[in-house]
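> Please find the sequence and the predicted model below.
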Amino acid sequence: MTATVETATGQRRLTTAKAISEGIAQEMRVNPDVFVMGEDVGPYGGIFGSTGGLIDEFGPKRIIDTPISETGFIGAGIGAATEGMRPIVELMFVDFFGVAMDQIYNHMAKIHFESGGNVKVPMVLMTAVGGGYSDAAQHSQCLWATFAHMPGLKVVAPSNPHDAKGLMIAAIRDDNPVLFMFHKGVMGLPWMAKNPRSIGPVPEEAYEVPIGKAAVPHPGTDVTVVSVSMSVQHCLDVAESLEGKVSVEVLDLRTIAPLDREAILASVSKTGRLVIVDEDYRSFGLSGEVVATITDHDPRLLKVPVQRVAYPDVPVPYARGLEYAALPTRDKIEAAIMQAMKG
Amino acid sequence: MTATVETATGQRRLTTAKAISEGIAQEMRVNPDVFVMGEDVGPYGGIFGSTGGLIDEFGPKRIIDTPISETGFIGAGIGAATEGMRPIVELMFVDFFGVAMDQIYNHMAKIHFESGGNVKVPMVLMTAVGGGYSDAAQHSQCLWATFAHMPGLKVVAPSNPHDAKGLMIAAIRDDNPVLFMFHKGVMGLPWMAKNPRSIGPVPEEAYEVPIGKAAVPHPGTDVTVVSVSMSVQHCLDVAESLEGKVSVEVLDLRTIAPLDREAILASVSKTGRLVIVDEDYRSFGLSGEVVATITDHDPRLLKVPVQRVAYPDVPVPYARGLEYAALPTRDKIEAAIMQAMKG
Amino acid sequence: MRIRTYEATIQQHYHADKKPAWDIGAGLIPGEMHLAAGQEPVAVGLCANLRDDDAITAPHRPHHLALAKGVDMQAMTAEIYGRTTGLGKGRGGHMHLFDPSQHFSCSGIIAEGMPVAVGQAMAFRHKGLDSVAVGVAGEGAANQGAFYEAMNLASIWSLPVVFIVEDNDWAISVPRDSATPVKDGSVRASAFGMPGERVEGNDVERIYEACKRAVERARGGGGPTLLEVHTVRLWGHFEGDAQAYRGEELAEKQQQDPIALYEARLRADGLLDDAAVAEIAATAQAEVDAAIAFALASPEPSPADLLQYVYA
Amino acid sequence: MRIRTYEATIQQHYHADKKPAWDIGAGLIPGEMHLAAGQEPVAVGLCANLRDDDAITAPHRPHHLALAKGVDMQAMTAEIYGRTTGLGKGRGGHMHLFDPSQHFSCSGIIAEGMPVAVGQAMAFRHKGLDSVAVGVAGEGAANQGAFYEAMNLASIWSLPVVFIVEDNDWAISVPRDSATPVKDGSVRASAFGMPGERVEGNDVERIYEACKRAVERARGGGGPTLLEVHTVRLWGHFEGDAQAYRGEELAEKQQQDPIALYEARLRADGLLDDAAVAEIAATAQAEVDAAIAFALASPEPSPADLLQYVYA
Ligand SMILES: Cc1ncc(C[n+]2csc(CCOP(=O)(O)OP(=O)(O)O)c2C)c(N)n1
Ligand SMILES: Cc1ncc(C[n+]2csc(CCOP(=O)(O)OP(=O)(O)O)c2C)c(N)n1
Ligand SMILES: [Mg+2]
Ligand SMILES: [Mg+2]
């Protein structure tokens, strides 16, 4: 409805939320084994709109509202997946992972390996991440590095509607468990401030965006800015604003695990300057792994200190001023780029 | 008993397990608010001996065997800590964290911050880590980076009996939640193959090893080897075997969070060559953070590619040959050092 | 007189809860906001049995419980406004209110306060106190594993805990019927060998009596109790929830505002009249206004202090 | 004749379980080893009611259930020996046995197989099959939150699941009494509106009958059931456990070896004699020996293949 906008050229523009639910619907139409399960995914349509409208088309047998029992229903997703279904399970906020992490990690991620490849767990676990709207310490985190650290999972986090739809379809079709992390800020929700990039052109047909492949939405030659999810939108804003001054190459990882190391190396080999923008916690996370990707190969590719614009090692504070002091904002990204250019 | 050995010089030698339980006992004697809770911590003495003998001295009111309800009893530890107790709670294997991660992370680690410093959670969560004895994918992991990634926790992992006792006492006295990770291989258990370094001299009196400070158990000038926990024992074996050939500086982090970045920088500034040995998974973990510590400062300190001898991104396999192909063994460490020296 | 005091308290809380909601749009209170309109009888009926040294762990919908427990309204309001004078100096926010003086805490993760209450009770017993710990959760939360683990621990250790389920028939958009296969949730107590009781009617006096039994039992060393209280969620799950999923049931429930009903009863009994109601309303309003004024006059935390309070 | 077949199966399993234990010292079977001696009646009584297309999720102590379910003894043994011909090609080990053809799986994390069984039942229903999913856990595991969440889901969705608690009185060194406040764990079924039953006596025939009722109910669309079966742990929690904590109770329990007791009963009834027993024992022994020989003759995985099977 309000989520669909026709552009002058007739190209359809969707919010990310709508793009995701459209991708799910298209796969559900062709594959009866796909179903959705989670809290408030039915009539409510998902707290962040990821399942909007699905209940009307597919009914409560395939769009299943669950009790608040994440271990129970994520485990049930695993059981269904091992018996040939392709469940899409929503964990309302990633911050709640701790009540169900054993299913996610010791089971969903490991069964395939433990079975010597004999059992497949083709399942999508989708979850909302990110802050910026004062939802405080238990409802605002990204935590992708937590999951990427643990072998067996694929982890994706789109930055725009086009990739969201394509990654969702790829995730559903993948024979592995895929953690699909959508940032609330990219969903294009009517009740949350948003970057215009959260609404964008989305092809009508079903298509895949390949898991494991980064994109270069803004090519450049002076400095590499590696980012993912919501922060990519800020990076693009900054890169555009610096056009003519600094030639910024923005790399949108799109997938966190497996990491597209070739793309990182290729860009840094060219620029020699690296800024990493990450809304997940700074230490023991994505930013370190991106750096190590370079130093495994050759630290001398790096001409200057690496700038890590990551969430500092502090729980997410409630007060807006504090939260924005922590978040990777445009001004911090720009300052980091300028610092990298100095060295 | 068998755990205590008097050396010729009269210096008392203990297993790490005995050193830990002695440290706990000494604090329990002076502080009635300290108590121990967990599965099989009573008459059994802890599956890995961390609470051996305590029930005899302190009885079942202070050494509490729990039902198998980790969320329940870790949460109870938090509640007791916020009301002025100093609980030591054992999570039998770190691999089980997923059934209780919400208490560990959303509560134990964050309450102090959320309360604006008004509530303290002085609690030790101790847990067994590590593999090497074919306990497979759900009982062999280290996972320290998982916890270190999340702000609010202190994470320690001793490599020898002396540090284990001192870190345990420091952890009990600390006003923060401390995750105390003991590697099964360093405990000196009679029923597991072990490095002689798992039994060593331990002072009789209560003492602290400071949390947040690395040690340099083997100074050197050619190459820095950063490691922690069990792997430190292997690094020391290799460093000693290479004496006269390569001057290896072994850095034992002892604490993972907060990371002793000064110690890392100081050593690498001197050697310019860095090997990281880590039994936790390679990607998005400790090894990346150690590297980033350098590149934040100046990547040009690194003369050659960094060698990461870490657990590859694969769940822990059962078969011994496969498991040892994954573990950071002495031969891999030596090969990495030689490779670093080549560059 | 006792009843009269209740009424005043209820009304205060009612306004205290309502008032902040209307301010959300202005942006002075950012973030999710879960208000408890309709559930005041639970808080009042419970807390009238509690002392300052008793503990409560509250869920994501905590204001009514906090105010009834005696948490300072100004410090709580300042926290909700994200100010340094707040309970958490602006770090916590409305789902993370901690008042050590009232042994009050809450969490945005449903049911996870239940184990914490068990530990508080352990500490009380260890210290030889006769304080009681109360864990409160919604009926939706009561299907979370943590809740059962906590009941089991409290029972096997015979701890002074009272478990309270606020059954308001809804967990966001999911009706109780489609999540909970038993009509009377208090039967779950028997799974852990403890007494359980369901209180119907959202009636402050009946709730008071049931809580009294449970609290006295806990305080007297008799161990834990599970109470399920049938109550009403008058408003949306959080502010901004249009409640399209509720249909006619909503209008019906809105006729069941416990404050209006109780007021009517007290009037009928001759215990309240227009003047008294007006006075109570005015007092409550003044207190709430003062709390908000206090919050607004308080400084916001400085971004320079971002890294404070990570470690003690 | 039916009973006779049971006996043979039990005895096979008994030996099958015992045999690997004695090999641990030799190092051919590394790692933890949880054997189920004494608990065979549960496996046999249950599995006699199951078809190949029914599912079981087993806990850390899985051998008896696997063998009774029909998991190939050779492939299972090869897995325990860490060989490429094993169920998991040597990756899984004794706590992680997966046999898709028998819909058999297990996990070393206690109680976490229960939700998985719920999902298997969802898949069966979705596909229009009348298969049943069985989740098995110990009495210690029954205090883990996952177990309750699973029962609640199975009940609210009326799924074809049977929950079985093997109550062997011990969770490693922790006796049931100090962990579980109810004598009859099957009362917990009522907390989720489903039938529950406790079976005393570790008697294969009674267990068979109770499982029959539960499986038929599930298969017929009647929804889930909780069964608690009182059984016996004859040996240590894992091999190497000296069981110092058990005291006299151990000697007493060792008098209650269900296989010996059942053998005596069958002999008394004239259904077994020395020759038959000897033949059964020899057959079982031969099968087990063959499985071990198969495992020993199988190749170990190549270290070069370490990174295989992380992703499909
Ligand atoms: C573990 C967990 N899962 C999901 C949520 C999201 N959530 C917050 S409140 C809520 C509904 C709670 O319903 P109920 O317990 O009945 O309390 P009520 O809101 O009705 O007061 C949900 C699903 C959460 N906070 N924690
Ligand atoms: C979540 C979790 N906590 C703890 C353990 C460690 N552990 C393995 S078996 C066991 C005892 C289980 O007892 P019970 O469920 O009665 O099964 P039994 O061993 O008696 O067959 C424990 C505590 C585990 N595997 N998983
Ligand atoms: Mg509710
Ligand atoms: Mg048992």
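Perfect, thanks for sending it. Ligands and ions are numbered 1, 2, ... in the order given.

> Show me what from the stretch 151-300 of chain C comes close to chain B.
C:152-153, C:156 (C-beta under 8 Å from any C-beta of the partner chain). To be clear about C-beta, it is placed using only N, CA and C from the backbone, and glycine gets the same treatment.

> What of the stretch 101-250 of chain A?
Contact residues (C-beta under 8 Å from any C-beta) of the stretch 101-250 of chain A with chain B: A:101-106, A:109-110, A:113-114, A:136-138, A:145-146, A:148-152.

> Show me where chain A has its helices.
Listed in chain order, the helices of chain A (DSSP state H) span A:16-30, A:54-58, A:70-82, A:101, A:111-114, A:144-148, A:161-173, A:230-241, A:261-271, A:286-297, A:320-326, A:330-342.

> contacts for stretch C:48-58?
Outside of stretch C:48-58, the residues that reach it under the criterion C-beta atoms under 8 Å, 6 or more residues apart in numbering or on different chains are B:79, B:83, C:6, C:46-47, C:65-66, C:68-70, C:97, C:101-107, C:113-114, C:116-117, C:120-121, C:124, C:129, C:131-136, C:208, C:211-212, C:215-216.

> List buried residues within the residues you listed.
Taking 16 or more other C-beta atoms under 10 Å in any protein chain shown as the criterion, what is buried in these is B:79, B:83, C:6, C:46-47, C:65-66, C:68-69, C:97, C:102-107, C:113-114, C:116-117, C:120-121, C:124, C:131-136, C:208, C:211, C:215.

> from those residues, which ones fall inside strands?
Where the buried ones among the contacts of stretch C:48-58 overlap with strands, as defined by DSSP state E, the overlap consists of C:104-106, C:133-136.

> So which of these is the closest to D:M194?
Using C-beta to C-beta, the shortest approach to D:M194 within these belongs to C:G135, at 25.5 Å.

> ok, that closest one to ligand 2 distance?
As for C:G135, its distance to ligand 2 is 22 Å (criterion: C-beta to the nearest ligand atom, to the nearest Å).

> quick one on the thing from earlier: of all the helices of chain A, which lies closest to C:H230?
Closest approach to C:H230 among the helices of chain A is made by helix A:70-82 (24.4 Å; C-beta to C-beta).

> Contacts (any at all) between chain C and the closest one?
Yes - judged by C-beta under 8 Å from any C-beta, helix A:70-82 comes into contact with chain C at A:70-72.

> now, among those residues, which is nearest to chain B?
Taking C-beta to the nearest C-beta as the measure, chain B sits nearest to A:T71 out of those, at 7.6 Å.

> follow-up on the earlier one: can you add distance to ligand 1 and give the helices of chain A back as JSON lines?
Rendered in JSON lines, the data for the helices of chain A read as follows (distance: least, C-beta to the nearest ligand atom, whole Å):
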{"stretch": "helix A:16-30", "distance to ligand 1": "18"}
{"stretch": "helix A:54-58", "distance to ligand 1": "17"}
{"stretch": "helix A:70-82", "distance to ligand 1": "6"}
{"stretch": "helix A:101", "distance to ligand 1": "12"}
{"stretch": "helix A:111-114", "distance to ligand 1": "23"}
{"stretch": "helix A:144-148", "distance to ligand 1": "17"}
{"stretch": "helix A:161-173", "distance to ligand 1": "22"}
{"stretch": "helix A:230-241", "distance to ligand 1": "21"}
{"stretch": "helix A:261-271", "distance to ligand 1": "35"}
{"stretch": "helix A:286-297", "distance to ligand 1": "25"}
{"stretch": "helix A:320-326", "distance to ligand 1": "19"}
{"stretch": "helix A:330-342", "distance to ligand 1": "30"}
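
> Tell me, how many residues neighbour C:T180?
By the measure other C-beta atoms under 10 Å in any protein chain shown, the count of residues near C:T180 is 25.

> quick one: contacts for it?
A:67, C:139, C:142-143, D:152, D:156.

> Quick check: which of the helices of chain A is buried the most?
Comparing the helices of chain A by mean neighbour count (mean count of other C-beta atoms under 10 Å in any protein chain shown), helix A:70-82 comes out on top with a mean of 31.

> And the residue in chain A positioned nearest to ligand 2, what's its pLDDT?
When C-beta to the nearest ligand atom is the measure, chain A has its nearest residue to ligand 2 at A:D102, with 6.9 Å between them. At A:D102 the predicted local distance difference test score is 98.

> Quick check: closest non-adjacent residue to it.
Among residues not flanking A:D102 along the chain, B:G98 sits closest, at 3.1 Å (C-beta to C-beta, 6 or more residues apart in numbering or on different chains).

> and the one you found, how many residues sit next to it?
As a measure of burial, B:G98 has 28 neighbours, counting by other C-beta under 10 Å.

> and if you look at A:R273?
Based on other C-beta under 10 Å, the number of other residues close to A:R273 is 27.

> for C:D273, same thing?
C:D273 - counted by other C-beta under 10 Å - has 11 other residues nearby.

> which residues touch C:V162?
Under the criterion of C-beta under 8 Å, 6+ apart, the contact partners of C:V162 comprise C:46, C:132-135, C:211, C:214-215, C:218, C:224-225, C:227.

> before we move on, what about C:H96?
Taking C-beta under 8 Å, 6+ apart as the definition of contact, the neighbours of C:H96 are A:136-138, A:318, B:114-115, C:88, C:106-108.

> Phi and psi next, for it.
phi -130, psi 70 (degrees, to the nearest 10).

> got a pLDDT number for it?
The pLDDT attached to C:H96 in the predicted structure is 97.

> likewise C:Q74?
Residue-level confidence at C:Q74 comes out at 94, pLDDT.

> Quickly find the element holding it.
Here C:Q74 sits within helix C:73-80, counting by DSSP states H and E.

> before we move on, back to that, show me which of the contacts of C:H96 is closest to ligand 4.
Distance to ligand 4 across the contacts of C:H96 (C-beta to the ion) is lowest for C:S107, with 32.1 Å.

> rewinding a little: give the contact list for the residue of chain A closest to ligand 2.
By C-beta under 8 Å, 6+ apart, the contact set of A:D102 is A:71, B:96-99, D:109, D:112, D:146.

> repeat that with 10 Å
Shown in contact with A:D102 (C-beta atoms under 10 Å, 6 or more residues apart in numbering or on different chains): A:71, A:74-75, A:108, B:70, B:95-101, B:138, D:107, D:109, D:111-112, D:115, D:144, D:146.
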